[in-house]
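Novice: coords please:
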Amino acid sequence: MSFRPVDAIFHARSLALVGASENGWTATIFRNLQARGATAAIYPVNPRRERVWGERCYPSFAAIPAPVDLALTIVPAPAVPAALREGLDHGLRAAIVYAAGFGEGGDAAGEARAAELRALAAAGLRLCGPNCMGTLSPREGLVLYPSARVRDVPPGDVGLAMQSGGLFQYWLQYAVSRGLGVSYAASVGNELDLDVADYINFFVSDEHTRVICCFIEGVRRPDAFVAAAAAALAARKPIVLVKSGRSEPARSAVQSHTGSLAGDDRVFDAVCERYGIVRATTLDEMVEHALVLRTGRLPAAGGGVMTVGYSGAARGLLLDAAADAGVTFAPLASATRDALAPLLDPAAELAMPVDCGAGIAVAYQQFAEVCGIVANDPNCAVLALQGQLPIGHEQLDPQWFRALAAATDVLGALTLAGAATTVVVFVVLPRVRRSDPNGASPAVVPATASVGVTPGGLSVSASF
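Specialist: Numbering: from 1, shown residues only. All right, here's what the predicted structure looks like:
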């Protein structure tokens with residue numbers, strides 16, 4: 001399967017800002033680059049300006065003293081093909097096309113412009129978009145999204161590809177508030193050239209990426225998508241994905257938005273099952289999944305779900321939640337029951353979910369020991385723990401979490417390399433703290449969570 005390279009976009013060493021002006025998107029992107037200390041050479045391009053932002057402004061690609069890696073084309077759609085054709089003639093390697101108007105709605109003029117872009121791509125120019133909102137390469141300081149709200153996204157281990165520009169910003173802001181960082185991220189737009197499969201393929205080989213997150217409306221090249229998913233599975237880099245278009249009205253909206261075909265949702269579910277893609281139902285869920293999977297703790301093949309808690313009432317709630325989600329808890333092995341018996345109340349039922357009793361809630365070393373024994377059970381692939389996160393300004397001893405992490409690190413494998421391990425998921429009952437990204441007081445809201453294992457991979461969901 002042939003994949004197209006995206007390196008010239010994520011690793012650009014020189015940029016041309018086509019349509020540079022004192023205000024608007026180009027100015028915002030220029031300020032983003034300055035704020036992040038980007039080392040890439042920056043060439044403003046506008047034949048109507050001699051200087052902009054205190055920098056020399058070039059009338060065309062021909063006037064730029066060196067070939068450019070990446071052009072940011074922030075001009076009306078009719079002006080894009082000619083600008084990029086001139087850039088390609090002078091060594092341009094790739095471009096981000098922000099404008100819409102390339103046949104999304106089926107108009108003849110837009111389809112003609114789209115054909116021109118496809119011809120440029122066939123000639124070797126790699127294209128992100130059109131109808132997109134740019135990309136992020138935090139380690140390189142390349143924040144090419146036209147908003148200051150994502151200017152401070154930290155480098156991390158999540159690779160992101162989204163067929164949406166607006167949701168791209170929302171997801172990044174929320175993910176950062178939950179503690180995630182980004183290796184590379186792309187708002188992919190209408191995918192006239194580079195598509196989600198190409199970005200997934202890049203993330204698979206990228207040393208900084210540990211988990212891959214995607215929002216898609218449809219799949220342009222099914223064979224390439226399947227090949228990229230298979231490569232991610234082989235590399236033990238989980239893909240967490242939200243796909244719209246489950247309903248007929250949504251499929252129609254997808255077609256008018258990006259011109260993409262949503263396809264049969266049952267077929268897509270089967271692909272996810274086969275290649276271990278975790279399909280989230282909401283963008284918030286995608287964040288929670290990423291938080292779990294980025295640790296590199298992936299479920300052991302053939303194992304099931306086990307839980308440990310310290311509340312009889314919570315045990316009942318977990319059994320109800322499991323029944324609703326279609327999850328059957330794995331049985332404890334006889335050796336596990338024998339190892340647990342001395343640590344628990346003699347009257348405790350040694351069955352799933354394990355109820356340690358209220359007294360163990362404050363004895364974190366003993367609780368951690370119990371969790372470690374269960375995590376080592378040969379039937380355990382996913383261990384869900386009842387826990388309590390801080391409420392308001394409450395302080396919680398971090399040793400509780402450190403002890404749990406150490407005890408359940410079955411194979412000492414907190415990286416993606418190595419054998420299968422037991423993944424640990426916190427089930428927080430009944431309340432959880434959510435940080436307000438606007439700096440207001442933390443909100444305390446109800447929380448529910450469910451976990452499951454499918455033959456193809458792990459399914460974990462949490463709603464707040």
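Novice: Now Asn46. Nearest residue, chain neighbours left out?
Specialist: Ala20 (4.7 Å; Cβ to Cβ, 6 or more residues apart in numbering). For the C-beta atoms, the positions are set from N, CA and C on the backbone; glycine is no exception.
Novice: Helix, strand or coil: sort out the one you found for me.
Specialist: Assigned with DSSP: H, G, I helix; E, B strand; the rest coil, Ala20 falls in the coil class.
Novice: Could I get the phi/psi values of it?
Specialist: Here is the backbone geometry of Ala20 (degrees, to the nearest 10): phi -60, psi 130.
Novice: so what pLDDT did Glu140 get?
Specialist: pLDDT, Glu140: 98.
Novice: for it, what are its contacts?
Specialist: Counting by Cβ atoms under 8 Å, 6 or more residues apart in numbering, Glu140 makes contact with Phe10, His11, Ala12, Ala38, Thr39, Ala40.
Novice: For these, work out which two are farthest apart.
Specialist: Phe10 and Thr39 (14.3 Å; Cβ to Cβ).
Novice: Those two: which has the busier surroundings?
Specialist: Using other Cβ atoms under 10 Å as the criterion, Phe10 and Thr39 rank with Phe10 on top: 26 against 11.
Novice: picking up where we left off before, any chance of the contacts of Glu140 in JSON lines with distance to Gly326 and pLDDT as columns?
Specialist: Formatted as JSON lines, those follow (distance: Cβ to Cβ, whole Å; pLDDT from 0 to 100):
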{"residue": "Phe10", "distance to Gly326": "39", "pLDDT": "98"}
{"residue": "His11", "distance to Gly326": "44", "pLDDT": "98"}
{"residue": "Ala12", "distance to Gly326": "46", "pLDDT": "98"}
{"residue": "Ala38", "distance to Gly326": "48", "pLDDT": "98"}
{"residue": "Thr39", "distance to Gly326": "51", "pLDDT": "96"}
{"residue": "Ala40", "distance to Gly326": "50", "pLDDT": "98"}
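Novice: Which member of those residues is positioned nearest Phe168?
Specialist: Using Cβ to Cβ, the contacts of Glu140 come closest to Phe168 at Phe10, 15.1 Å.
Novice: If I follow the layout properly, Thr307 ends up in contact with Leu317?
Specialist: No: counting by Cβ atoms under 8 Å, Thr307 stays clear of Leu317, with 10.7 Å between them.
Novice: What separation do you get for Tyr170 and Ala270?
Specialist: 29 Å (Cβ to Cβ, to the nearest Å).
Novice: In terms of neighbours, single out the busier of the two.
Specialist: Tyr170 (15 against 12).
Novice: Which element, helix or strand, includes the more buried one?
Specialist: If you go by DSSP states H and E, Tyr170 is part of helix 166-177.
Novice: same for that helix, what does it pack against?
Specialist: strand 155-162, strand 182-187, strand 211-216, helix 283-293 (3 or more Cβ pairs under 8 Å, 6 or more residues apart in numbering; DSSP states H and E).
Novice: what number of residues lie near the residue lying closest to Phe3 once chain neighbours are set aside?
Specialist: Closest residue to Phe3 apart from its sequence neighbours, by Cβ to Cβ, 6+ apart: Asn201 at 4.3 Å. Number of residues near Asn201 (other Cβ under 10 Å) recorded here: 23.
Novice: Asn201 belongs to a helix?
Specialist: Yes: assessed by three-state DSSP, Asn201 belongs to a helix.
Novice: For the helices and strands packed on helix 166-177, could you give me a markdown table that also reports mean neighbour count and mean pLDDT?
Specialist: Output for the helices and strands packed on helix 166-177, formatted as a markdown table (neighbours: other Cβ atoms under 10 Å; pLDDT from 0 to 100):
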| stretch | mean neighbour count | mean pLDDT |
| --- | --- | --- |
| strand 155-162 | 25 | 98 |
| strand 182-187 | 27 | 98 |
| strand 211-216 | 26 | 97 |
| helix 283-293 | 22 | 92 |
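Novice: buried sites along stretch 51-66?
Specialist: Residues of stretch 51-66 classed as buried: Val52, Trp53, Cys57, Tyr58, Phe61, Ile64 (neighbour count, 16 or more other Cβ atoms under 10 Å).
Novice: which SS state does Leu72 fall under?
Specialist: Per three-state DSSP, Leu72 ends up strand.
Novice: Tell me who's in contact with it.
Specialist: Contacts of Leu72 (Cβ under 8 Å, 6+ apart): Leu15, Ala16, Leu17, Val18, Thr26, Ile29, Ala95, Ile96, Tyr98, Gly134, Leu144.
Novice: OK, contacts around Leu66?
Specialist: You called it Leu, but residue 66 is Ala. Ser14, Ala41.
Novice: One more: the one 10 residues further on?
Specialist: Pro76 is in contact with Ala99, Gly101, counting by Cβ under 8 Å, 6+ apart.
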